[in-house]
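Undergrad: build me a structure from this.
(2 chains)
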Amino acid sequence: MQDTLQTLVSGLSLGAVYALVAMGFSLVYRTMGLVNFAHADIAMIGAYAASTFYLTAKLPFAVAMVTAIVVTGAIGLVIERVLRPLENKDFDLMLIGTIGFGIVLQAVAILIWGTTGRAVPSPLHAAPLDIFGIRVRTYDLLVMAVAAIAVVALAFFLSRTKRGAAMQAVAMDHEAATAVGINVGRSNALAFAIGAGLAALAGGLVGPMLYVDASLGGALGIKGFAAAMLGGFGSIQGAVVGGVAIGVLDSYAAGHFQGYSVLVTFLVFTVAIMIRPTGIFGERTVSRA
Amino acid sequence: MSRISQPSAPRTLLAAAIAVAAALTACSAPGDSGKSGGSSSGPIKIAVIDARSGQLSSLGNWEYKGAKLAVDEWNKKGGINGRKIQLKSFDDQGDPTTGTNLARKISSEKYIAMIGTSESAVTIAMAPVLKQEGIPNITSGQSDGLVALKSDFLFLNGPTSTTYDSTLAKYLVQDKGYKKIAMITNNGSYGTGEHDAFSKAVKDLGVTPVSDQVVTTDQKDFSAALTKIRANKPQVVFIGSEEVEAGLIVKQARDLGIAAPFAGAAPQGTPVFIDTAGKAAAEGTIVSSPYLSNDVSPAARKFAAAYKAAYGEDAELHGAKAYDGTSILLTALKNSNVATGKKLADAIRSTTYDGLLGQFQYGTNGVGITKTSIGVIKSGALVEQK
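TA: Predicted coordinates:
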């Protein structure tokens, strides 16, 4: 019992991070119909940026995170600007373009930060809480709290603000949105920037939990992508549920199947997707080019 | 959102070009039998193949630096038979597939010997190609799987996992009297080797591990495995994984409230392990290593000083191993008048060498040294236990 709960706790905190990554994937997908394959590498850049501002520039962790989010948000804007001429013209090229950007970002990370990577010490020095024999890292609680705030803030933005409503409109029908005077390009840019910011948030938060190096994107991206699929691609609440589900599933698989944990996680994922191809909250399947 | 793509002319052309290129490479590969690589004049070409990017790159960088230091010293003395030694580094990214491709590449580019890799899995993947092409290889890997290959062209520059772990098991069980030992190893080539060697070593001493957890090589969260270990209340936890992963395991174990010391082989003695785990978490880690510090001998002090002068950082085990391995190769080249292929492999086998790790004397299994010492990490540095 104690084992089960302890595993759940660690699954939840990583699940919160996967949820943030999945939200970024979904936000860009619903707005532009595009899977941003550079997303995970933007998260990696975010993790590096946050750790650099925190460890090297000695800024407080919160300030370092905000700075990292701004920097990566700007990178998101640049990617969107470069890809914009292809919008609604050649979708395949846009997709390849995002993959290319991912590779470029990895190379840039190696150029700037080297190949070895770094371990980031936890910004909270409080000892882990001991609740009936279950150890809860205070940092894990912080991660879950920040992720929850990000989810609420994004939901509020999308449903209650004019910009957010415009983005929803573009997501539904970009031609009709253009007709009523919504600037689709700006809306797409905003989606990309927010997506990149979410990626940086996920990357920055995960740094002290894992290990920051140029391949971090791979670890986050595949599970974040799976989380988005599981929840229903394009759905924000789906991303949250999918992220937590993948995190917890992964945690239990690691406990029971040890070396075969990744295999088991993705087998379960595949079966779930076969039963419900649209994901938990999805309304449409991912369109095949 | 209908997107219909039809194959256009340029795309067909591209496909054709790729097909032709593939056909050409396929034809050239078997022709390159190159059993006796180099020519008898010009520089002596030696390849270093290691992970120079990714999570294992610190290993690769150390190995390259150690090898380079040995080659530079020999070149300063005038090379071998008046010929300069040319050392070139290739990045295998810690990936067996990339490594195998590089093995073919160095063969076609007429390299006569190879230093590396520091990853047992990659070396095992490359070994058949190197054997076929007749390129002797001195690896930093230590998995017993390397010995099991029975390749005449494969040599280890250090002890095998069995040596590391039987020394460690003896210290833990006999000297320390630990009865409750937990294990956490990864399912990669190195981790599996450590798992088998250590569990056999403790079982031979009459102790069965109370917990035996296996994780994957790219896992980052170990809560599940560590929670199970914690439930068994071990007196010591054995780790069989590379530097970074071992560091993460120790860091997370301390967060989960595991206070028992950790024990392991070479990776746990490195600065990367200590940095990743954090100084406080790594305190008291018991390490079995053939090269505990730069102060073990006058030769080690000299090596450490040269290393520091060349790279501005402190030398450690992997650099020392690569330095020894490369020095053995160069000695064998000198003794054999720059032989290649089988003759060079035989020359390495008959070379005795007094190195930083100890006295090297190769057997038929490619292992040259069978002794390690025990050290304990105290305030961030490895201290020998007598």
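Undergrad: what pLDDT does residue 149 get?
TA: In the absence of a named chain, this looks at chain A. pLDDT, A:Ile149: 95.
Undergrad: my question was about chain B, not that one.
TA: As summarised for this prediction, B:Leu149 has a pLDDT of 90.
Undergrad: burial of it, as a residue count?
TA: 15 (other Cβ atoms under 10 Å in any protein chain shown). C-beta: built from backbone N, CA, C; applies to glycine.
Undergrad: how about it: what's its closest non-neighbour residue?
TA: With sequence-adjacent residues excluded and distances taken as Cβ to Cβ, 6 or more residues apart in numbering or on different chains, B:Leu149 is closest to B:Ala127, at 5.2 Å.
Undergrad: now B:Leu330
TA: Closest residue in space to B:Leu330, ignoring its immediate chain neighbours: B:Trp74 at 5.2 Å, by Cβ to Cβ, 6+ apart.
Undergrad: buried sites along the helix or strand hosting the one you found?
TA: Element membership of B:Trp74 [criterion: DSSP states H and E] is helix B:57-76. Of the residues in helix B:57-76, those buried by neighbour count under the rule 16 or more other Cβ atoms under 10 Å in any protein chain shown are B:57-71, B:74-75.
Undergrad: measure the residue nearest to B:Leu149 to B:Lys342 for me?
TA: In this structure, B:Ala127 lies at 15 Å from B:Lys342, with Cβ to Cβ, to the nearest Å as the measure.
Undergrad: in contact with B:Ser379, which residues?
TA: Under the criterion of Cβ atoms under 8 Å, 6 or more residues apart in numbering or on different chains, the contact partners of B:Ser379 comprise B:Lys279, B:Glu283.
Undergrad: ditto for A:Ile99
TA: By Cβ under 8 Å, 6+ apart, the contact set of A:Ile99 is A:Phe37, A:Ala38.
Undergrad: let's see whichever strand or helix holds it as PDB, backbone CA atoms only.
TA: With secondary structure defined by DSSP H and E, A:Ile99 is part of helix A:91-113. C-alpha atoms of helix A:91-113 as PDB (Å, rounded to 0.1, in the frame of the first residue of the first chain):
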ATOM      1  CA  PHE A  91       1.500  21.500 -44.900                       C
ATOM      2  CA  ASP A  92       4.100  18.700 -45.200                       C
ATOM      3  CA  LEU A  93       6.900  21.300 -45.600                       C
ATOM      4  CA  MET A  94       5.700  23.000 -42.400                       C
ATOM      5  CA  LEU A  95       5.800  19.700 -40.600                       C
ATOM      6  CA  ILE A  96       9.300  19.000 -41.800                       C
ATOM      7  CA  GLY A  97      10.200  22.600 -41.000                       C
ATOM      8  CA  THR A  98       9.400  22.100 -37.300                       C
ATOM      9  CA  ILE A  99      11.500  18.900 -37.300                       C
ATOM     10  CA  GLY A 100      14.300  20.900 -38.800                       C
ATOM     11  CA  PHE A 101      14.000  23.500 -36.100                       C
ATOM     12  CA  GLY A 102      14.100  20.800 -33.500                       C
ATOM     13  CA  ILE A 103      17.500  19.600 -34.800                       C
ATOM     14  CA  VAL A 104      18.800  23.100 -35.100                       C
ATOM     15  CA  LEU A 105      17.800  23.800 -31.500                       C
ATOM     16  CA  GLN A 106      19.700  20.600 -30.300                       C
ATOM     17  CA  ALA A 107      22.800  21.700 -32.200                       C
ATOM     18  CA  VAL A 108      22.500  25.200 -30.800                       C
ATOM     19  CA  ALA A 109      22.200  23.800 -27.200                       C
ATOM     20  CA  ILE A 110      25.400  21.700 -27.800                       C
ATOM     21  CA  LEU A 111      27.200  24.700 -29.200                       C
ATOM     22  CA  ILE A 112      26.300  26.900 -26.200                       C
ATOM     23  CA  TRP A 113      26.200  24.500 -23.300                       C
END
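Undergrad: next one, pLDDT for the residue lying closest to A:Leu20 once chain neighbours are set aside please.
TA: The spatial neighbour of A:Leu20 that comes closest, neighbours along the chain excluded (Cβ to Cβ, 6+ apart), is A:Ala202 at 3.8 Å. What the model reports for A:Ala202 is a pLDDT of 95.
Undergrad: wait, A:Ala202 sits on A:Ala22?
TA: No. A:Ala202 sits out of contact with A:Ala22 when judged by Cβ atoms under 8 Å, with a separation of 9.1 Å.
Undergrad: what do the two both touch?
TA: Taking Cβ under 8 Å, 6+ apart as the criterion, A:Ala202 and A:Ala22 both touch A:Gly224.
Undergrad: tell me how many other residues surround the residue lying closest to B:Ser140 once chain neighbours are set aside.
TA: With sequence-adjacent residues excluded and distances taken as Cβ to Cβ, 6+ apart, B:Ser140 is closest to B:Ser118, at 4.1 Å. Residues lying near B:Ser118 (other Cβ under 10 Å) number 31.
Undergrad: again with B:Ala315
TA: When neighbours are counted by other Cβ under 10 Å, B:Ala315 registers 25.
Undergrad: which one is it nearest to, not counting chain neighbours?
TA: The spatial neighbour of B:Ala315 that comes closest, neighbours along the chain excluded (Cβ to Cβ, 6+ apart), is B:Tyr307 at 3.8 Å.
Undergrad: name the surrounding residues that touch the helix or strand harbouring that neighbour.
TA: Assigning secondary structure by DSSP H and E places B:Tyr307 in helix B:298-311. Surrounding helix B:298-311, the residues in contact under the criterion Cβ under 8 Å, 6+ apart are B:65-66, B:68-69, B:72-73, B:291, B:293-295, B:313-315, B:319-320, B:323, B:354-356.
Undergrad: having no further points to raise, I will conclude here.
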